[in-house]
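**Student:** here's my sequence, what's the structure:
(one chain, ligands or ions: 1)
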Amino acid sequence: MKISQRYAAPLLLGLVSTLLSTHAIAMGGMGGGCMMGCTTTPTVIDPPRGAAFQDPVTMPNISTISGIVEVNMEAKVAPININGVTANLMTYNGTYPAPTIKVKKGDLLKVHFKNSLPYTGLNMMGDARDLTNLHTHGLHVSPEGNSDNTMLSLMSGELFDYEYDLSLHPGGNLNFYHPHRHGNTAEQMWGGMAGALEVADETPALAAYETHIMMLKDISLDGAAPAAHTMDDFMSGKEGNVMMVNGKVNPVLNMKPGQVQRWKIVNASNARFYKLSLGSHNLQVIGSDGGLLNKPYAQSSILLSPGERVDVMVKASTTKGYYKLLSNPYDRGMSMMSGGGSQQITLLTVNVTGTAVTNSIPGTINASAVRLAVPAGTPTRQITLSMGMMGGMEAYINGIAFSETNAYTAHSSVNTYEIWEVFNQSMMDHPFHQHVNPAQVISISGGDSAYKSLYTTSPAWKDTVIVPKGGSVKLLVPIKDYTGMTMFHCHILEHEDIGMMGLWDIR
Ligand SMILES: [Cu+2]
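**Tutor:** Numbers count the residues shown, from 1 in each chain. Okay, the predicted model is just below:
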């Protein structure tokens, strides 16, 4: 196993602290916008209807052996057309979004990884920009060795063969692969490194529906490159000014009148939250991060933070016409002035057209999905998330900013349960993500009421949950099957890079 071979000290932090303190005062403190309760008129971002909707391309499987999926994956800079502008993005295999890897439960996934990112010096964290690795967000697999090992660090030119044994992964769900090299994660994912990893479900009732994958991402360009991160971006989380579904602005998806489609949606943005709605249509949630729910849960809108996935069924109106899939304003705490907190964005347009069909949404999805009772005597662990106020560009878990030499470490025993009570002591929401083991949400204090209701009443398995600003979340975490050193962190990836990450040592 290779641990970071080229890990430079964060030389710039002293300078950064000074500048940030000055700036924070100028902005009137950490909030930088509406602290509470204020309303603004949404900024409407309604681009013209774009090209026909396309799913991400599928990653070619080079294996001829049943039960083995084998892919070649190369991290590299490549020209990508972003809304008419050709920009050099950081990609997997030269495409954005990266190709979807398709596997099924029980498969062995082999990834022949090559790091062809060029060495281009150090970033603001003091880390060489080429260092990367691969995280399979959502997979219940080993975090050790050549599996989902986010302690690895691969230099430009390095090859590495990953292997993921999916025999204990519980079932069908949409996962998400992206880099996880501490200090570089935010810049690399912002630059375009993200792909879907679909574990097929074995639910015959769902097989007949037209199904699509939608990767939501925003970006800003500076000339022919992704806009560079600033210190403010690391504190606030970087949002872009071009919002895309599968790399396209406002693509048009055709549905027949009355047709039911299934959409598997992943928020692949660094920091932008989406509050999705489709006119007067209900979005019927049938699955979440970790798999299918027992039945559809009708929602008029769905809040989706970075790293979360949602599996929805939508029944098209019987009235032909155009319907906008919107992202509505949601104040995550730092974005009221310019970002998603104040914006109503048309992400995609549904064109209801053609000959009517009579589809219906099944009443039962996965009868075996249940909410677990909390086992008697389950111990509680308290995890507190906080941000540096005046002290510097840092974020903390239980008061410690993660580094390779110092981290809050949770010590757990395999095949036990724990309750994790996660407190947010900052004025921003933080999507809390734990690797390897999904959890069920016992309770949420604060935040969006529909989000709270959905995830505290349905048998959802979550690996990413919003911890509302000033609020808390209580999770029931089964620690199953795998020992090893893994991680939990904020999925606003800038916050992860500045330290809002802890180690999880499972023995
Ligand atoms: Cu955060």
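**Student:** from here on, contacts and neighbour counts on C-alpha atoms
**Tutor:** Noted.
**Student:** point to the residue nearest the middle of this structure.
**Tutor:** residue 307 (1.3 Å; CA atoms, centre = their mean).
**Student:** isn't that one right up against residue 271?
**Tutor:** No - with contact defined as CA atoms under 8 Å, residue 307 does not reach residue 271; the gap is 9.3 Å.
**Student:** any residues in contact with both of these two?
**Tutor:** residue 491 (CA atoms under 8 Å, 6 or more residues apart in numbering).
**Student:** and the residue in the chain that the ion sits nearest to, bridged to which residues?
**Tutor:** For the chain, the residue closest to the ion is residue 430, as judged by CA to the ion, at 3.9 Å. Taking DSSP bridges as the rule, residue 430 bridges to residue 467.
**Student:** tell me who's in contact with it.
**Tutor:** Residue 430 neighbours (CA under 8 Å, 6+ apart): 424, 466-469, 490-492.
**Student:** apply 7 Å and report the result again.
**Tutor:** Residues in contact with residue 430, defined by CA atoms under 7 Å, 6 or more residues apart in numbering, are 466-468, 490, 492.
**Student:** same thing with residue 269?
**Tutor:** 216-218, 306.
**Student:** 6 Å - rerun?
**Tutor:** Residues in contact with residue 269 (CA atoms under 6 Å, 6 or more residues apart in numbering) are 217-218, 306.
**Student:** what's the most distant pair in the contacts of residue 430?
**Tutor:** Pairwise distances across these peak at 13.1 Å for 468 and 492 (criterion: CA to CA).
**Student:** tell me which of the two has more neighbours.
**Tutor:** Between residue 468 and residue 492, residue 492 has the larger neighbour count (other CA atoms under 10 Å), namely 28 against 25.
**Student:** look up the closest residue to that one, ignoring the ones flanking it.
**Tutor:** In space, and not counting its chain neighbours, residue 492 is closest to residue 271: 4.8 Å by CA to CA, 6 or more residues apart in numbering.
**Student:** check the secondary structure at the one you found for me.
**Tutor:** Put simply, residue 271 is coil when judged by DSSP: H, G, I helix; E, B strand; the rest coil.
**Student:** what is the burial count for it?
**Tutor:** Counted by other CA under 10 Å, the residues lying close to residue 271 total 31.
**Student:** from memory it sits against residue 234, does it?
**Tutor:** No - Residue 271 sits out of contact with residue 234 when judged by CA atoms under 6 Å, with a separation of 10.0 Å.
**Student:** skip the chain neighbours and tell me the closest residue to the residue located most distally from the centre of the chain.
**Tutor:** Outermost residue of the chain with respect to the C-alpha centroid, by CA atoms, centre = their mean, is residue 355; its distance is 36.5 Å. Nearest non-adjacent residue to residue 355, counting by CA to CA, 6+ apart: residue 256, 6.1 Å away.
**Student:** can you get me a residue count around that neighbour?
**Tutor:** So residue 256, with other CA under 10 Å, has 23 neighbours.
**Student:** now swap in residue 377 and tell me
**Tutor:** Neighbours around residue 377, by other CA under 10 Å: 8.
**Student:** just say helix, strand or coil for it.
**Tutor:** Assignment for residue 377 (three-state DSSP): coil.
**Student:** try the one 5 residues further on
**Tutor:** With three-state DSSP as the basis, the three-state label of residue 382 is strand.
**Student:** that one: what's it in contact with?
**Tutor:** With contact set as CA under 6 Å, 6+ apart, residue 382 has these partners: 420-421.
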